[in-house]
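A.B. asks: the amino acid sequence is not available; the structure is as follows:
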């Protein structure tokens, strides 16, 4: 997530922090690097200009340059202003009063992840105990309704579609009646994907919004499209009066400036980001946490929330207990890896750890792919029960047999065993070390 920008900013601040004292010239040089890094990340130039100006004004106004730790104070100011740019507070979904159903309308560009987002929202509502209905009104894109139906079946959520082409507003009215008949209390409406936002498309979407009367009108911004999507989001908001932004494909190989620009350009809060292909890869957006990730400070709170959702608090406590008793073995290690896969891409989880950039560099790109999990699972599953429980019995001949059985090399087996030993040491330190008390408290262990 925004790796290139994060690396550039961290490099700039390391150089600034290495100076015992800094003057106005050194500050301006660092801020020039920050400005270039943001522009190269495709952040809106007006947003960049205002952001850098605010940082400079605060740094000079608070006599940071006279401090004995000016570099750290500048980083703190950059973090605060980045949070301000992103929206300061998180903005949860609005919820209707009483028995009124929650209605969410999703709009955005064709191919921007709009239909998949509808499925993700339905899954989220189902996990909250609601009864969702997916409603398709897109007749422009071939197989749009079929895609929504497939998504609905995959999460066991009913979908309302019509085969005969009709005005979206009329389809929505019939879909809302169906929702009432089946007792659905969370309706997610997928709209036509925008190619050219002309008057006809604007009128069609406005009529749909009037028919649905949504609790939330979410505008999708494709991170891969960059500032074009941000500009369109502003136009959509002006016509439809949106309530929030969802930035999709944040984990893609993209400059990512849309995430940093869209709040100030549109005036709407970012409510969610999507960070993977799995339907569960929908994250509530927290400006302070995201800013920390961009600056390489990590986001342990979000990581813990992901872990509790994927693993379960009881399972986490069981693992901690086994660690304290010295019983954590390769079977436990395999289970943990399988549960980690449910949390999303490994590279995304590493972004949530302080100093993630250095850790990624040490691991290498290959180790951050899903193939890492597949290979590790194959190696452990090729071991005997005794070898899993007592890895220390694995000698050269056993290592060779395991490698043959898993389609890997003895070096791969050896690397996994070393990673297991390192993980066990780390987890032992987390469960017994005095310095890990804060994290353990968050984990509830």
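C.D. replies: Perfect, I can see it now. Values in this document were obtained by computation on a predicted structure and should not be read as measured data.

A.B. asks: ok, the residue lying closest to residue 274 once chain neighbours are set aside to residue 283 distance?
C.D. replies: In this structure, residue 274 finds its nearest non-sequential neighbour in residue 248, 4.6 Å apart by C-beta to C-beta, 6 or more residues apart in numbering. Quick note: C-beta positions are derived from backbone N, CA and C, even for glycine. Applying C-beta to C-beta, to the nearest Å, the value for residue 248 to residue 283 is 11 Å.

A.B. asks: and for these two, which residues touch both?
C.D. replies: Contact criterion C-beta atoms under 8 Å, 6 or more residues apart in numbering; residues shared by residue 248 and residue 283: 273, 274.

A.B. asks: for these two, indicate the residue with more neighbours.
C.D. replies: residue 248 (28 against 19; other C-beta atoms under 10 Å).

A.B. asks: need the pLDDT of that one.
C.D. replies: If you check residue 248, the pLDDT there is 92.

A.B. asks: residue 109 and residue 231 touch, don't they?
C.D. replies: No. Judged on C-beta atoms under 8 Å, residue 109 makes no contact with residue 231 at a distance of 11.1 Å.

A.B. asks: that's a strand at residue 322, yeah?
C.D. replies: No. Under DSSP: H, G, I helix; E, B strand; the rest coil, residue 322 falls outside any strand and is assigned helix.

A.B. asks: for it, which non-adjacent residue is spatially closest?
C.D. replies: Nearest non-adjacent residue to residue 322, counting by C-beta to C-beta, 6+ apart: residue 328, 5.0 Å away.

A.B. asks: so what's that neighbour scoring on pLDDT?
C.D. replies: Residue 328 is given a pLDDT of 77.

A.B. asks: how near is it to residue 95?
C.D. replies: Residue 328 is 42 Å from residue 95, by C-beta to C-beta.

A.B. asks: more neighbours, these two?
C.D. replies: residue 328 (21 against 9).

A.B. asks: contacting residues around residue 8?
C.D. replies: Going by C-beta under 8 Å, 6+ apart, residue 8 touches 33, 37, 40.

A.B. asks: closest one of those to residue 89?
C.D. replies: residue 37 (25.7 Å; C-beta to C-beta).

A.B. asks: quick one: that closest one is in a helix?
C.D. replies: Yes. Per three-state DSSP, residue 37 lies within a helix segment.

A.B. asks: relative to residue 247, how far out is it?
C.D. replies: According to C-beta to C-beta, residue 37 and residue 247 sit 19 Å apart.

A.B. asks: equivalent analysis for residue 222, please.
C.D. replies: Using C-beta to C-beta, we find residue 222 at a distance of 8 Å from residue 247.

A.B. asks: shared neighbours of these two, anything?
C.D. replies: Shared contacts of residue 222 and residue 247, defined by C-beta under 8 Å, 6+ apart, are found at residue 258.

A.B. asks: strands of the stretch 251-400 of the chain, residue ranges please.
C.D. replies: Counting by DSSP state E, counting those that start in this stretch, the segments of the stretch 251-400 of the chain that form strands are 270-274, 282-284.

A.B. asks: list the contacts of residue 102.
C.D. replies: For residue 102, the residues meeting the contact criterion (C-beta under 8 Å, 6+ apart) are 93, 95, 96, 125, 130, 185, 186, 187, 215, 216.

A.B. asks: what about 10 Å?
C.D. replies: Residues near residue 102 by C-beta atoms under 10 Å, 6 or more residues apart in numbering: 93-96, 121, 125, 128, 130, 132, 184-188, 214-216.

A.B. asks: and if you look at residue 85?
C.D. replies: Residue 85 touches 38, 43, 47-48, 50-51, 54, 260-261, 263-264, 287, 291, counting by C-beta under 10 Å, 6+ apart.

A.B. asks: run the last query once more with 7 Å
C.D. replies: 47, 51, 260, 263, 264 (C-beta atoms under 7 Å, 6 or more residues apart in numbering).

A.B. asks: how close does the first one get to residue 263?
C.D. replies: This points to residue 47. Relative to residue 263, residue 47 is positioned 9 Å away (C-beta to C-beta).

A.B. asks: confirm for me that residue 45 is in contact with residue 38.
C.D. replies: No. Applying C-beta atoms under 7 Å as the test, residue 45 and residue 38 come out as separate, 8.9 Å apart.

A.B. asks: please identify which of those two sits among more neighbours.
C.D. replies: More neighbours surround residue 38 than the other of residue 45 and residue 38, with 26 against 14 (other C-beta under 10 Å).

A.B. asks: skipping its backbone neighbours, what lies nearest the more buried one in space?
C.D. replies: Using C-beta to C-beta, 6+ apart, the nearest residue to residue 38 is residue 48, at 4.6 Å.

A.B. asks: just the buried residues of the helix or strand hosting that neighbour, please?
C.D. replies: Using DSSP states H and E, residue 48 maps to helix 45-61. Residues of helix 45-61 classed as buried: 47, 48, 51, 52, 54, 55, 56, 58, 59 (neighbour count, 16 or more other C-beta atoms under 10 Å).

A.B. asks: now for that helix, which elements pack on it?
C.D. replies: Judged by 3 or more C-beta pairs under 7 Å, 6 or more residues apart in numbering; DSSP states H and E, the packing partners of helix 45-61 are helix 24-40, helix 70-86, helix 257-266.

A.B. asks: most tightly surrounded among those?
C.D. replies: helix 257-266 (a mean of 24; mean count of other C-beta atoms under 10 Å).

A.B. asks: so what's the gap between that one and the chain middle?
C.D. replies: Relative to its chain's centre, helix 257-266 lies at 16 Å (C-alpha atoms, centre = their mean, to the nearest Å).

A.B. asks: next, the buried residues of stretch 93-112.
C.D. replies: Under 16+ other C-beta under 10 Å, the buried positions of stretch 93-112 are 93, 101, 102, 103, 104, 105, 106, 107, 108, 109, 110, 112.

A.B. asks: endpoints of it, how far apart?
C.D. replies: 21 Å (C-alpha to C-alpha, to the nearest Å).

A.B. asks: and that stretch, how far out from the chain middle?
C.D. replies: Taking C-alpha atoms, centre = their mean, one finds stretch 93-112 lying 20 Å from the centre of the chain it belongs to.

A.B. asks: pLDDT of that stretch, averaged?
C.D. replies: The average pLDDT for stretch 93-112 rounds to 92.

A.B. asks: same check on stretch 207-220?
C.D. replies: 96.

A.B. asks: for stretch 288-308, same thing?
C.D. replies: For stretch 288-308, the mean pLDDT works out to 67.

A.B. asks: separation between residue 35 and residue 13?
C.D. replies: 14 Å.

A.B. asks: I meant residue 197, not that one.
C.D. replies: Look at residue 197 and residue 13: by C-beta to C-beta, they are 39 Å apart.
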